[in-house]
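Asks: generate coordinates for the sequence data below:
(chains A and B)
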Amino acid sequence: MKYVLLFVETEQYAKDLEAMTPADRDRAYMLVGQWFAENADKVRGGSKLQAPDTATTVRMDGGGEPVVLDGPFVEGKEVVSGYAEVEAADLDEVLRMVKTWPGCPVVEIRPLES
Amino acid sequence: MSPAADRATDPATGNGTGASHAELARVVREHAGRLAVSLIHVIGDLGTAEDLVQDAVVTALQRWPNEGIPERPDAWLFTVARNRGLDVLRRESNYRTKLAQLQWPVQAEPDERLRLIFTCCHPALPRPAQIALTLRVVCGLTTAQIARAFLVPETTVAQRIARAKRKIADAGIPYRVPDPDELNSRLSEVLAVIYLLLNEGYLSTAEQTQSRDLVDDAEWLATLLHQLMPTEPEVTGLLALIRLHRARTDARFSRDGDLVLLQHQDRSRWDHQAIADATQLVTQAARQRKPGPYQLQAAIVACHAEAEDWAATDWEQILVLYDMLLHLAPSPVARLHRAVALRYTAGPQAALAELDTLDDTLDRYHLYHATRAELLRALGHPYQARTADERALALTANPAEQALLQRRIHWT
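Replies: Now for the predicted structure:
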């Protein structure tokens, strides 16, 4: 089955990352890279996203012309900061890999419609 | 021997052919999960297999009360489910062919109901869905029976089950027993579901109990789990806890149906053999030296159950057990119970001081105020005690507890 992992950052996590020494930050990124390498047999694609302030949202539910807005469609303390598409036998296999994720503190697992 | 074999002469049924509620429940529960397991084996889809079992169970509950429980209830249920399957799965030729090939008896296999239990209690399902699904799939309850037991509309239960089954299919929740490294956390989900059934059944009204005694289902599930996982001490602990509660059920209500607190219970009405057996289970679990919340709760209840009377209760031991419990699973409710033990070791003043520290978290919990009332009464503050009892009364919806608090407010 195919799933998308949505990596979610919290304000606290962003602050913690900022407060790190460059060496510690490098180490954190290295752990994430290692995780992707370890799970390369399941990861089909994905990317880190630019910060939410780079987002542009288009709303087409107003009835008239599409409205172009600055920012993400939900403003919140928790923002999606990246995604990965994975293929696994079942949810338990995904849970097993996600439980060892060394990056941001929240990960949402969504099955893809086949 | 089939449980149905001696049914015709069972005085509890009231007549020669009919079957009592309890009997029907027992027979259906013994076979529904097994049937589900063999159908899943053939069809490969839990949702579809389970629908067929549910249809067979509903049919049985319509027909058995009049026709009597058949000689081979398992074969009967199987035939109904299979025929129903051939009927409703007309378009799915794949399932149909497999079902048509299926003959009774389905080949004996090791009991696969463990897979069923772990799937129903998967952590990706919300707790109410885990409970409804376990009752329906593993214990063979109908949606209507579950709704009545939890005092919720039938449509709510049906939705919970439908959504859960959809999620099992769509999110790829596997039908398997967890690996050893994930077993502890997965097992705690299963135990939590059984424990909630115990609590729900323990507090249910007589009217609810008449239609379905959830404590009975909790004990049955824990017994099954204990058979399938005999070396898991927390499973043994939970089974002991349930049996210790059941052994004292009769004494919890007076002949007029009033709730009787432990302190005032007629201990000659307890089932002392059952208490001894359950205590044996607690000891057996403890030998593995892997203490856990259920073992500790069972040990605490065993302390009470083994005391000849209230005065003989080993409060020091109970206090130690609560300290261990709080260490492993800190909770304000456990601290409240510990405070009761503290009353008998350090006095009511110390217990009340401990309760005061819980005010913020337990202000909406009726037993917090009821306990406060007892302590205030012991300390000679009847008016404050009454106010606390009134607060407790306003916070409980349980009729038996309401009646007890009303009596106390009125008479003391």
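Asks: so how far is the strand or helix carrying B:Thr97 from its chain's centroid?
Replies: If you go by DSSP states H and E, B:Thr97 is part of helix B:93-101. In this view, helix B:93-101 has its centroid 37 Å away from the chain centroid, taken as CA atoms, centre = their mean, to the nearest Å.
Asks: just the CA trace of that helix, in PDB.
Replies: Output of helix B:93-101 as PDB, limited to C-alpha atoms (Å, rounded to 0.1, in the frame of the first residue of the first chain):
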ATOM      1  CA  SER B  93     -17.300 -14.300  -8.000                       C
ATOM      2  CA  ASN B  94     -14.000 -14.600  -6.400                       C
ATOM      3  CA  TYR B  95     -15.400 -14.700  -2.800                       C
ATOM      4  CA  ARG B  96     -18.300 -16.900  -4.000                       C
ATOM      5  CA  THR B  97     -16.100 -19.600  -5.400                       C
ATOM      6  CA  LYS B  98     -14.000 -19.700  -2.300                       C
ATOM      7  CA  LEU B  99     -17.100 -19.800  -0.100                       C
ATOM      8  CA  ALA B 100     -18.700 -22.500  -2.200                       C
ATOM      9  CA  GLN B 101     -15.700 -24.700  -1.800                       C
END
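Asks: got the buried residues for it?
Replies: B:95-96, B:98-99 (16 or more other CB atoms under 10 Å in any protein chain shown). C-beta coordinates here come from the backbone N, C-alpha and C atoms, glycine included.
Asks: cool, and stretch B:42-52?
Replies: For stretch B:42-52, a neighbour-count test (16+ other CB under 10 Å) marks B:42-43, B:45-52 as buried.
Asks: so which of those is the closest to chain A?
Replies: Nearest to chain A among the buried residues of stretch B:42-52, counting by CB to the nearest CB, is B:Leu46 at 12.4 Å.
Asks: element containing the closest residue in space to the closest one that isn't next to it in sequence?
Replies: Residue nearest to B:Leu46 in three dimensions, not counting chain neighbours: B:Ile40, with 5.4 Å by CB to CB, 6 or more residues apart in numbering or on different chains. Assessed by DSSP H and E, B:Ile40 sits inside helix B:21-43.
Asks: how about that helix, which residues are buried there?
Replies: B:21, B:23-43.
Asks: what about dumping the CA coordinates of the helix or strand following it to CSV?
Replies: Scanning forward in sequence from helix B:21-43 by DSSP H and E, the next helix or strand is helix B:46-67. This file holds the C-alpha atoms of helix B:46-67, laid out as CSV (Å, rounded to 0.1, in the frame of the first residue of the first chain):
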residue,chain,number,x,y,z
LEU,B,46,-12.3,-8.8,7.7
GLY,B,47,-15.2,-6.5,7.0
THR,B,48,-17.0,-8.8,4.7
ALA,B,49,-16.4,-11.9,6.8
GLU,B,50,-17.6,-10.1,9.9
ASP,B,51,-20.8,-8.9,8.2
LEU,B,52,-21.7,-12.5,7.4
VAL,B,53,-21.0,-13.6,11.0
GLN,B,54,-23.2,-10.7,12.3
ASP,B,55,-26.0,-11.8,9.9
ALA,B,56,-25.8,-15.3,11.2
VAL,B,57,-25.8,-14.2,14.8
VAL,B,58,-28.8,-12.0,14.3
THR,B,59,-30.6,-14.9,12.7
ALA,B,60,-29.7,-17.2,15.5
LEU,B,61,-31.0,-14.7,18.1
GLN,B,62,-34.3,-14.6,16.2
ARG,B,63,-34.7,-18.3,15.9
TRP,B,64,-33.0,-20.0,18.8
PRO,B,65,-35.3,-18.6,21.5
ASN,B,66,-38.2,-20.5,19.9
GLU,B,67,-36.5,-23.4,18.2
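Asks: what angle separates helix B:46-67 from helix B:21-43?
Replies: 150 degrees (axes from the mean of the first three to the mean of the last three CA atoms, to 10 degrees).
Asks: report the distance from helix B:46-67 to the chain centre.
Replies: For helix B:46-67 - counting by CA atoms, centre = their mean - the centre lies 22 Å from the chain centre.
Asks: just checking, next helix/strand downstream of it?
Replies: helix B:73-88.
Asks: for that following helix, list the C-alpha coordinates in CSV.
Replies: The C-alpha trace of helix B:73-88 is given here as CSV (Å, rounded to 0.1, in the frame of the first residue of the first chain):
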residue,chain,number,x,y,z
PRO,B,73,-24.4,-24.3,17.0
ASP,B,74,-21.1,-23.7,15.3
ALA,B,75,-22.1,-25.7,12.2
TRP,B,76,-25.5,-24.0,12.2
LEU,B,77,-23.9,-20.5,12.3
PHE,B,78,-21.5,-21.5,9.7
THR,B,79,-24.2,-22.7,7.3
VAL,B,80,-26.2,-19.6,7.7
ALA,B,81,-23.2,-17.4,7.2
ARG,B,82,-22.0,-19.4,4.2
ASN,B,83,-25.4,-19.3,2.5
ARG,B,84,-25.8,-15.7,3.2
GLY,B,85,-22.4,-15.1,1.7
LEU,B,86,-23.2,-17.0,-1.5
ASP,B,87,-26.3,-14.8,-1.7
VAL,B,88,-24.9,-11.3,-1.0
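Asks: which bits of chain A sit near chain B?
Replies: A:1, A:3, A:88-92, A:94-96, A:109, A:111 (CB under 8 Å from any CB of the partner chain).
Asks: give me the number of residues near B:Leu86?
Replies: By the criterion of other CB atoms under 10 Å in any protein chain shown, B:Leu86 has 16 neighbours.
Asks: measure it to B:Asp51 for me?
Replies: Going from B:Leu86 to B:Asp51 by CB to CB, to the nearest Å gives 14 Å.
Asks: show me where chain A has strands.
Replies: In chain A, the segments counted as strands under DSSP state E are A:2-10, A:43-48, A:56-59, A:67-70, A:78-87, A:106-111.
Asks: can you list the ones you listed in a markdown table and add mean neighbour count and mean pLDDT?
Replies: A markdown table is the format used below for the strands of chain A (neighbours: other CB atoms under 10 Å in any protein chain shown; pLDDT from 0 to 100):
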| stretch | mean neighbour count | mean pLDDT |
| --- | --- | --- |
| strand A:2-10 | 19 | 96 |
| strand A:43-48 | 12 | 95 |
| strand A:56-59 | 10 | 93 |
| strand A:67-70 | 10 | 92 |
| strand A:78-87 | 18 | 95 |
| strand A:106-111 | 16 | 98 |
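Asks: returning to that earlier point: averaged pLDDT, the helix holding B:Thr97. What do you get?
Replies: For helix B:93-101, mean pLDDT is 72.
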